[in-house]
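> output the structure for:
(chains A and B)
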Amino acid sequence: MLKVEGLKKMYGRMAALDGLCMNIKEGALYGFVGPNGAGKTTTIKILTGLLLPDEGSVVVDGIDAMKDTGKVTEKIGYVPDFFGVYDNLKVWEYMELFSACGGLYGLNARKRSRDLLEQVGLGEKTEYYVDGLSRGMKQRLCLARALIHNPPILVMDEPTSGLDPGTRYEFKEILKDLREQGKTVVISSHILSELSEVCTDIGIVEQGKMVVEGSIDDILNQINVRSPLLITVCRNKEQALNLLRAHPYVETITIRQNDIMVGFTGEQEDEAMLLKQLIEAGVLVGGFVRERGNLESVFLQIINHEEGMVLISEN
Amino acid sequence: MKINPIYWQEARVSSRSFRLPFIVFLCDTILALAALLNMYSMVTQAKATAEIQYASFLNLYVLVACIEFVMILLIVPALTSGSISGERERQTLNLLLTTRMTPADIVVGKLMASLSTMILLIVSSFPVLALVFIYGGVTVKDIVLLLLTFVSTAVLSGSVGICCSSMFKKSTIATVVSYCVMAALVLGTVAAAKVAAASGPSFWGWLLLVNPAVPFGAAMGKQMGSARRLSVFETWAGSSFQRLTVGDWLWLSLVVQLLLAGICLYTAISQVNPRRRRRWKY
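Coordinates of the predicted model:
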């Protein structure tokens, strides 16, 4: 649906993008993650036609974005990291303005606006002035505005930044709805826990390059294998430590009160064998679990350049 | 008919705000006060001397026209110099550019909005200008010619304002630069031509073609039957220029100024276009 290849962009001598590649499947909810200055906003601006890259190509639904900007703008709805609203307009006037900008006039525009405002929960606020809306409402209005021309792709840059948890939850639900409607959503965010809940795919960008890309399940599975074992010992802790130190699959041991975190390279069967050995050695085991990896741990490992990370999965 | 959405939005917002009626009220009050005081003085003079000087009524017309011309020069840059930079400040320009709207649509919509405000001001001043019809001396054709110079001046100063607005990120800087450019066009060209003409007719006299005050002066001169002042400008520019203009400075000047306005708009459009390669930033 959206394919980016070898994207390069220089700001003076600084490379914002250094050969970034990206492949987003149709219907995916793609989390675009990276530290500040990694090149997320630059990429999004190029995707939406607001910036010209120095090199590289962007193909949106088979259309070369470098050659046919007009057609690409019809395919993409853009929600920026700011509200971008005219304070002295009413909600319905704001929607009417952008429907006219998208080539939609009259009754069709009014119906589409009404439906979208209902969808984002602003159906009751059409007569309100935009400056009378709360932060969360303004952001939802921006989302409705981006969808006015019914684009198949929605690109969102930090849409939930500065929103309270309740509004973030509502936003997440709207994203799920959009996905059910078959929209392809690209969302850049720093709130990784939220992304892992809603996204199907993820791309982690650093220093203008894509370092990890793939389905979120594949990435998390691989992370889980590398996550430490958490063993809660109720009695005979020394015995347990001796056994662990001698074990061939144990790489690291970290003690936290009654918990022992073990860097364990073995498979699931080896884990079961270790548990059996501990019990046979008279250790009273209160808990034995492999800590679940999450998007935050993936992100932190990537941006801290932890060696030995292999996370690429097939699309 | 599909109306430019930017124009529609600007018109809606300005008709709702306090600013537009205030500007109209202020301008018309200034014009009316000037006209009524002038009439009062003429009537008082007539009572005292027992004779009516009809030339004074034409002076009233000149006075009102001059005030209106100066107001156009002062108001239009203020209306337009925040148009694009204001969108940037509100962060709405990028949103408009991700729609079907082209940079040209946006710039033209902004210009139309400011011109419609200006036309409202000009039309609302008609009753004051019409005072002169009570005593005669000015024809409808003269008024149409005067309006033409007003519209041309409004288009030029509006285009300069939009051009500056597209080049500078902050509206304040754009406004200051717009006024500086307009001052350079109105006063700077006269000063440059006059200084250069001290050593005989020169190329600098041609600069007066871009001065919006010159066609206005030409129109007023034609109507008052005193084209002498304009011929001074032609002397500055030299005999070849005189042959070129053949006394039709007014029309040539209007064409040149509309071309200049076109160049300003083209510059603004290319500045707004996000996909052009930037060579400089402010």
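> got the residues of chain B near chain A?
Taking Cβ under 8 Å from any Cβ of the partner chain as the contact definition, chain B meets chain A at B:2, B:5, B:8-9, B:12-13, B:16-17, B:90-92, B:94-101, B:274-277. Using the backbone N, CA and C atoms, a C-beta is placed for each residue, glycine as well.
> tell me which of the residues you listed fall in helices.
B:5, B:8, B:9, B:12, B:13, B:16, B:90, B:94, B:95, B:96, B:97 (DSSP state H).
> burial measure for residue B:253, as a count.
When neighbours are counted by other Cβ atoms under 10 Å in any protein chain shown, residue B:253 registers 25.
> thought it was touching residue B:206?
No - Residue B:253 is not in contact with residue B:206 according to Cβ atoms under 8 Å; the separation is 10.6 Å.
> check contacts around residue B:113.
Contacts of residue B:113 were listed using Cβ atoms under 8 Å, 6 or more residues apart in numbering or on different chains, and they are B:6, B:7, B:10, B:11, B:14, B:83.
> again, only this time at 7 Å
B:7, B:10, B:11 (Cβ atoms under 7 Å, 6 or more residues apart in numbering or on different chains).
> most neighbours among those residues, which one is it?
Going by other Cβ under 10 Å, residue B:10 tops these with 21 neighbours.
> re the thing from before, which among the ones in helices among the residues of chain B next to chain A end up buried?
Taking 16 or more other Cβ atoms under 10 Å in any protein chain shown as the criterion, what is buried in these is B:5, B:8, B:9, B:12, B:13, B:94, B:95, B:96, B:97.
> can you map out the helices along the chain?
Just so you know, I chose chain A. Under DSSP H, chain A gives helices at A:40-47, A:69-75, A:91-101, A:106-119, A:135-146, A:165-180, A:192-198, A:216-226, A:237-246, A:268-280, A:295-303.
> my question was about chain B
Taking DSSP H to define them, one finds helices in chain B at B:5-16, B:19-49, B:54-80, B:83-90, B:93-97, B:103-124, B:126-129, B:140-167, B:171-183, B:189-197, B:213-224, B:228-237, B:239-245, B:249-272.
> poorly predicted segments of the stretch 101-250 of chain A, please.
A:222-226 (pLDDT under 70).
> where does it come near chain B, residue by residue?
A:101, A:102, A:103, A:105 (Cβ under 7 Å from any Cβ of the partner chain).
> show me the shaky parts of the stretch 101-250 of chain B.
If you take pLDDT under 70 as the line, the stretch 101-250 of chain B has these spans: B:201-202, B:225-248.
> of all of it, which residue lies closest to chain A?
The minimum distance from the stretch 101-250 of chain B to chain A, using Cβ to the nearest Cβ, falls at residue B:101 (4.9 Å).
> neighbours of the closest residue to that residue other than its chain neighbours, how many?
What sits nearest to residue B:101 in space, not counting adjacent residues and going by Cβ to Cβ, 6 or more residues apart in numbering or on different chains, is residue A:101, at 4.9 Å. Counted with other Cβ under 10 Å, the neighbours of residue A:101 add up to 25.
> contact partners for residue A:101?
Applying Cβ under 7 Å, 6+ apart, the residues near residue A:101 are B:5, B:96, B:99, B:100, B:101.
> with residue A:55 instead?
If you count contacts by Cβ under 7 Å, 6+ apart, then residue A:55 has A:6, A:8 around it.
> the one 3 residues further on too?
Applying Cβ under 7 Å, 6+ apart, we find residue A:58 in contact with A:4, A:46, A:47, A:65, A:66.
> just put these in a markdown table and tack on neighbour count, distance to chain B and pLDDT.
A markdown table is the format used below for the contacts of residue A:58 (neighbours: other Cβ atoms under 10 Å in any protein chain shown; distance: Cβ to the nearest Cβ, whole Å; pLDDT from 0 to 100):
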| residue | neighbour count | distance to chain B | pLDDT |
| --- | --- | --- | --- |
| A:4 | 23 | 16 | 90 |
| A:46 | 24 | 10 | 91 |
| A:47 | 25 | 10 | 89 |
| A:65 | 24 | 10 | 84 |
| A:66 | 16 | 9 | 82 |
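> closest point of the stretch 151-300 of chain A to chain B, which residue?
residue A:155 (9.0 Å).
> please tell me I have it right and that residue contacts residue A:44.
Yes - using Cβ atoms under 7 Å, residue A:155 is in contact with residue A:44, at 5.6 Å.
> more neighbours: these two, which one.
A direct count of neighbours by other Cβ under 10 Å for residue A:155 and residue A:44 places residue A:155 higher, at 27 against 24.
> ok, the more buried one - contacts?
Contacts here follow Cβ under 7 Å, 6+ apart; on that basis residue A:155 touches A:44, A:47, A:48, A:76, A:78, A:186.
> am I right that the first one is in contact with residue A:188?
Which is residue A:44. Yes - using Cβ under 7 Å as the test, residue A:44 is close enough to residue A:188 to be in contact (6.3 Å).
> quick check: neighbours shared by the two?
What both residue A:44 and residue A:188 touch, as defined by Cβ under 7 Å, 6+ apart, is the set residue A:157.
> okay, the contacts of residue B:113 in JSON lines with pLDDT next?
As requested, those are arranged in JSON lines below (pLDDT from 0 to 100):
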{"residue": "B:7", "pLDDT": "92"}
{"residue": "B:10", "pLDDT": "88"}
{"residue": "B:11", "pLDDT": "88"}
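> closest to residue A:162 out of those?
Nearest to residue A:162 among the contacts of residue B:113, counting by Cβ to Cβ, is residue B:10 at 29.2 Å.
> nearest residue to the closest one in space, please, no chain neighbours.
Leaving aside its chain neighbours, residue B:10 sits nearest to residue B:113 (3.4 Å; criterion: Cβ to Cβ, 6+ apart).
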